[in-house]
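**Q** no FASTA, just this:
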């Protein structure tokens, strides 16, 4: 199971660190052969990568051209996309069986919407203090009238991992 | 001035046709050397392209690989990006001096957020009946905490064109 | 007719300037509604763009992210691809009805091979003094065993333009 | 060490199978923590992937949008680039510490030239019977006048692996 993790590119607090821990322990315990895909090694993404490596999870980075010279732990595979920030999110989301947003700014919001557009199951951690918390006000269920994939807003990271890992693999439908 | 027009990929009503007309007449009358960039030749995008060509405006299409064999009027230049739907939106938005969203679904929403992320002036036509109308509930001013470019929601297409065409060219700042 | 022009990114001599002139005058006189696509505004590409603008030809630039802040004449449309050098060559070649290589280094060679791979008619100006002159030694007719599109090596720029402009539009076949 | 393997998309003979075996055994024995990057799971690429998995090597596929629904062994990670054939070769080559071409058609030739353009060490297996054998006639040492990275043509797959695995990591220089 390939899981795209969308997360903030900047600062985060201690509470967020704990939420990442709870989420990743859940993934580690309950998902079958998880591979985590992330878009960088800075900000909250770095926290996720470091904790995931400590748990022995496999991690792939899809790096934008603006910031491709990063030095994650040795086991991490780095794909240099040769493309700008938003463009590198395409292979990140497209390669995933599910998208998890742990909170962030507009880059994370775009990845959430891309997940929906590509017909992927999308899980948004709520109550993070980041801008992604606001999406539910506008889009409590779906991001447009086509209502193909219902977005899940979940505020407990353990529960999020549990729901994610119980996903049956299914056909996704790209609807543009 | 290169203007990216984000618009619905599907059906639209008569009222929308009139709004497109009012917007494009405004652009034609008030913008200096406008070039319109669109992401396809179907749905509401086709309506915009056809009306723009009738007004003698220059139009460039940035086409996704899933739908690149379209037949717009002869004067239209077609760029086949070789990339999927969301990826083709990158050069569309990145090449623009401003982004105008005339209403649409998740693809249009993504283009609006990309515009903000790339630091472009973004104008969203409101009261269209499309899903983009809902964005203002979550993000009345900015799409994240960085508050770099204030998004303009405007429900009068003539006024939108007027505001757009009075933009002074300025440095945009890509903030990822 | 959309024509991709592949050309050197660096220095060139007076003789090359004249060859560009002869080629572009031919295109201007004999092609129907030509639109020129180029990958930059520096080196020999800049020479082509400037001369083409003087002749009133329409020009579109497909710019790589490493060098997107260029200032060509006002009539030129700039597409910022958000992608690195080789990646920006994809929409350049894919959007063309034919590919013309006026001489260059490895970037130009790649564009020639991409043209063949996408099944486009490819014309290579020979005897330029650039590295592209060497391709004919290895590949006098085709770039691989599939032999789908025969490459034309022509050393007279007027004749190259004439042959190019007499192309009948035809189905191209992308063969990977 | 991340190694891009460029290889034919179509048929191959028994002799080629043996060469793949010799090359991969060399990589398995002599490279430190090798990760193989390939652009598909068909033709000679599939042969490489299957043999590599049998040897327990880590494999990442960078898939083009035209052929992304492939079913390699479970341990293989699939990146769906959302881009056409040539475009998916960009992250493949850009993410590598070295490029190895085992023989192929124009797609493989393009990947070889991309490797050179991006300043990567490039190794071409010679005497394969594929079109890549012809490159040496035109470019025995370098692909252009800048002469930055000397290409290595080697006809013994064991020796190729040995030379590859003895590479010191070094700064590469993208020269466009």
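**A** Structure's in. What do you need? What you are looking at is a predicted structure, and each value in this text was computed from that prediction instead of being measured.

**Q** the strands in chain A, which residues?
**A** A:2-6, A:35-38, A:58-63, A:77-80, A:98-101, A:122-125, A:152-154 (DSSP state E).

**Q** could you dump these into a markdown table and include mean pLDDT?
**A** Listed next are the strands of chain A as a markdown table, based on pLDDT from 0 to 100:
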| stretch | mean pLDDT |
| --- | --- |
| strand A:2-6 | 98 |
| strand A:35-38 | 98 |
| strand A:58-63 | 98 |
| strand A:77-80 | 98 |
| strand A:98-101 | 98 |
| strand A:122-125 | 98 |
| strand A:152-154 | 98 |
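
**Q** distance to chain B and mean neighbour count added to those strands, as a markdown table?
**A** Yep, even glycine has a C-beta here, placed from its N, CA and C like the rest. Shown next, in a markdown table, are the strands of chain A (distance: least, C-beta to the nearest C-beta, whole Å; neighbours: other C-beta atoms under 10 Å in any protein chain shown):
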| stretch | distance to chain B | mean neighbour count |
| --- | --- | --- |
| strand A:2-6 | 13 | 25 |
| strand A:35-38 | 14 | 23 |
| strand A:58-63 | 12 | 23 |
| strand A:77-80 | 15 | 22 |
| strand A:98-101 | 13 | 26 |
| strand A:122-125 | 11 | 26 |
| strand A:152-154 | 12 | 18 |
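
**Q** okay if I get these as CSV plus distance to residue D:24?
**A** Output for the strands of chain A, formatted as CSV (distance: least, C-beta to C-beta, whole Å):
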stretch, distance to residue D:24
strand A:2-6, 25
strand A:35-38, 23
strand A:58-63, 21
strand A:77-80, 19
strand A:98-101, 33
strand A:122-125, 39
strand A:152-154, 43
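
**Q** so which of those strands is nearest residue C:9?
**A** strand A:77-80 (21.4 Å; C-beta to C-beta).

**Q** elements contacting the closest one?
**A** Counting contacts by 3 or more C-beta pairs under 8 Å, 6 or more residues apart in numbering or on different chains; DSSP states H and E, strand A:77-80 packs against strand A:58-63, strand D:58-63, helix D:85-94.

**Q** now with 6 Å?
**A** Helices and strands touching strand A:77-80, as assessed by 3 or more C-beta pairs under 6 Å, 6 or more residues apart in numbering or on different chains; DSSP states H and E, comprise strand A:58-63.

**Q** how far away from the center of its chain is the strand it packs on?
**A** 11 Å (C-alpha atoms, centre = their mean, to the nearest Å).

**Q** that strand to helix A:85-94, inter-axis angle?
**A** 150 degrees (axes from the mean of the first three to the mean of the last three C-alpha atoms, to 10 degrees).

**Q** if we can go back for a sec, to residue A:137, which of the strands of chain A lies closest?
**A** For the strands of chain A, the distance to residue A:137 is smallest for strand A:152-154, at 10.7 Å, taking C-beta to C-beta.

**Q** contacts for that closest one next, please.
**A** A:123-124, A:126, A:136, A:160 (C-beta atoms under 6 Å, 6 or more residues apart in numbering or on different chains).

**Q** again with stretch A:163-176
**A** The contact list for stretch A:163-176 (C-beta under 6 Å, 6+ apart) reads A:30-31, A:98, A:118-121, A:123, A:146, A:148, B:9, B:85, B:107.

**Q** mind pulling the model confidence for residue A:70?
**A** At residue A:70, the pLDDT value in this model is 98.

**Q** can you give me the neighbour number for it?
**A** By other C-beta atoms under 10 Å in any protein chain shown, the residues close to residue A:70 number 15.

**Q** buried ones in stretch A:145-156, by neighbour count?
**A** A:146, A:149, A:151-154, A:156 (16 or more other C-beta atoms under 10 Å in any protein chain shown).

**Q** I misspoke; the intended subject was stretch A:48-68.
**A** Buried-residue list, stretch A:48-68, by 16+ other C-beta under 10 Å: A:48-49, A:51-53, A:57-65, A:68.

**Q** how long is that stretch end to end?
**A** By C-alpha to C-alpha, to the nearest Å, the extent of stretch A:48-68 from end to end equals 17 Å.

**Q** same check, this time on stretch A:168-176
**A** Start and end residues of stretch A:168-176 are separated by 23 Å (C-alpha to C-alpha).

**Q** around chain C, which positions in chain A sit nearby?
**A** Residues of chain A lying close to chain C by C-beta under 6 Å from any C-beta of the partner chain are A:65, A:82-84, A:87.

**Q** on that earlier part again, and the furthest pair within the contacts of strand A:152-154?
**A** Within the contacts of strand A:152-154, two members stand farthest from each other by C-beta to C-beta: A:136 and A:160, at 14.4 Å.

**Q** neighbour-wise, which of these two wins?
**A** Set residue A:136 next to residue A:160 and count neighbours by other C-beta under 10 Å: residue A:160 wins out with 25 against 15.

**Q** how about that one, what does it touch?
**A** Contacts were defined as C-beta under 6 Å, 6+ apart; by that measure residue A:160 touches A:123, A:125, A:154.

**Q** any idea how far residue A:44 is from residue A:28?
**A** 18 Å (C-beta to C-beta, to the nearest Å).

**Q** would you map the helices across chain A?
**A** Assigned by DSSP state H, the helices in chain A fall at A:14-30, A:43-54, A:85-94, A:106-117, A:135-138, A:157-165.

**Q** output these as JSON lines; include the columns distance to residue B:20 and mean pLDDT.
**A** Shown next, in JSON lines, are those (distance: least, C-beta to C-beta, whole Å; pLDDT from 0 to 100):
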{"stretch": "helix A:14-30", "distance to residue B:20": "44", "mean pLDDT": "98"}
{"stretch": "helix A:43-54", "distance to residue B:20": "40", "mean pLDDT": "98"}
{"stretch": "helix A:85-94", "distance to residue B:20": "27", "mean pLDDT": "98"}
{"stretch": "helix A:106-117", "distance to residue B:20": "23", "mean pLDDT": "98"}
{"stretch": "helix A:135-138", "distance to residue B:20": "24", "mean pLDDT": "98"}
{"stretch": "helix A:157-165", "distance to residue B:20": "42", "mean pLDDT": "98"}
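
**Q** which residues of chain A lie near chain B?
**A** Counting by C-beta under 6 Å from any C-beta, chain A comes close to chain B at A:9, A:85-87, A:90, A:105-107, A:109-110, A:113-114, A:116-117, A:131, A:134-135, A:137-138, A:143-145, A:176.

**Q** show me what contacts residue A:4?
**A** Taking C-beta under 6 Å, 6+ apart as the test, what residue A:4 contacts is A:37, A:92-93, A:96, A:99.

**Q** what's the answer for residue A:126, then?
**A** Contact analysis of residue A:126 by C-beta under 6 Å, 6+ apart lists A:133, A:153, A:155.

**Q** apply 8 Å and report the result again.
**A** A:133, A:136, A:153-155 (C-beta atoms under 8 Å, 6 or more residues apart in numbering or on different chains).

**Q** distance check, residue A:126 against residue A:159.
**A** For residue A:126, the distance to residue A:159 - C-beta to C-beta - is 11 Å.

**Q** any idea how far the residue of chain A positioned farthest from its centre lies from residue B:134?
**A** Using C-alpha atoms, centre = their mean, the residue of chain A lying farthest from its centre is residue A:145. It sits 23.9 Å away. To residue B:134, residue A:145 is 10 Å away according to C-beta to C-beta.

**Q** cool, residue A:135 as well?
**A** In terms of C-beta to C-beta, residue A:135 sits 10 Å off from residue B:134.

**Q** the more surrounded of these two?
**A** Using other C-beta under 10 Å, the more surrounded residue of residue A:135 and residue B:134 is residue A:135, with 23 against 16.

**Q** show me what stretch A:38-50 is in contact with.
**A** Contacts for stretch A:38-50 (C-beta under 8 Å, 6+ apart): A:4-12, A:16-17, A:20, A:24, A:36, A:59-64, A:67, A:70-73, A:76, A:88-89, A:92, A:102-104, A:107, A:111.

**Q** can you do 6 Å?
**A** A:5, A:7-10, A:12, A:20, A:59, A:61-62, A:70, A:72, A:88, A:92.
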